[in-house]
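Asker: I would like to see how this sequence folds:
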Amino acid sequence: MGKCQLKLNSLPFWVHGIPLVGTIAVAVIFLVGFLIYRNENIWQGMRVANEFIDPIYNETIVVNSIFRTRVNTWSNLFYVIVGFYAIALAIHDWRSHRALESGYLASTPIQSIFFGSACIYVGLGSGFFHASLTHLGQQADVGGMYAVMIAIASLCVGSWFPFITVAIKRPYRFPTWPVLVPLSVFFCVYFFI
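Answerer: Coordinates of the predicted model:
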């Protein structure tokens, strides 16, 4: 049973292009918002988070700005690029039709898409929180952190039990990801709420 190893230099250019273009697009949206609302308190009227009232960061809070904690807001783009890379690799694996012998993650691209989406969610959610320092932003930040942990747990469970065998008249083998991914999405929504 041979394992395939990911070689970044042997991937097609589009696998690198998706994360670069996706992250640049998000960064441009952030930049345009920052340039337009740099000196405006667009978060006024939203319930503030405790970190706004009692700051715990070493970063200066700029109350009248779209990005109240600027470095913490911009740094979340790194989660976004990781998420886009996971999704691009999932598309590559899906197009390559990899067998389970090449590894669970390579053979189950939906798990990579779920993980990548969770990374983008934590990047945008945490970015929203650090930009706004609002209660809703804090929910998105914490919800995103749970989503990444849930996605990793789903990957682990799926790799341990990639199939369930059910014997009625004869044994049937079903993949576990159609149960794991929707269940995981449910828990992500639950933890956000």
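Asker: ok, the nearest residue to Trp43 once chain neighbours are set aside - contacts?
Answerer: Nearest non-adjacent residue to Trp43, counting by CB to CB, 6 or more residues apart in numbering: Ser132, 4.5 Å away. (Glycine included, C-beta is placed from N, CA and C.) By CB atoms under 8 Å, 6 or more residues apart in numbering, the contact set of Ser132 is Trp43, Met46, Arg68.
Asker: what would these look like in JSON lines with distance to Phe174?
Answerer: Putting the contacts of Ser132 into JSON lines (distance: CB to CB, whole Å) gives the following:
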{"residue": "Trp43", "distance to Phe174": "47"}
{"residue": "Met46", "distance to Phe174": "45"}
{"residue": "Arg68", "distance to Phe174": "48"}
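Asker: Touching, Leu136 and Met46? I think so.
Answerer: Yes. When contacts are counted by CB atoms under 8 Å, Leu136 is listed as touching Met46 (6.4 Å).
Asker: hey, where'd the strands end up in the chain?
Answerer: 163-167, 171-175 (DSSP state E).
Asker: can I get the ones you listed in JSON lines with mean pLDDT?
Answerer: Shown next, in JSON lines, are the strands of the chain (pLDDT from 0 to 100):
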{"stretch": "strand 163-167", "mean pLDDT": "85"}
{"stretch": "strand 171-175", "mean pLDDT": "87"}
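Asker: Quick check: which of the ones you listed is nearest to Leu31?
Answerer: strand 171-175 (41.8 Å; CB to CB).
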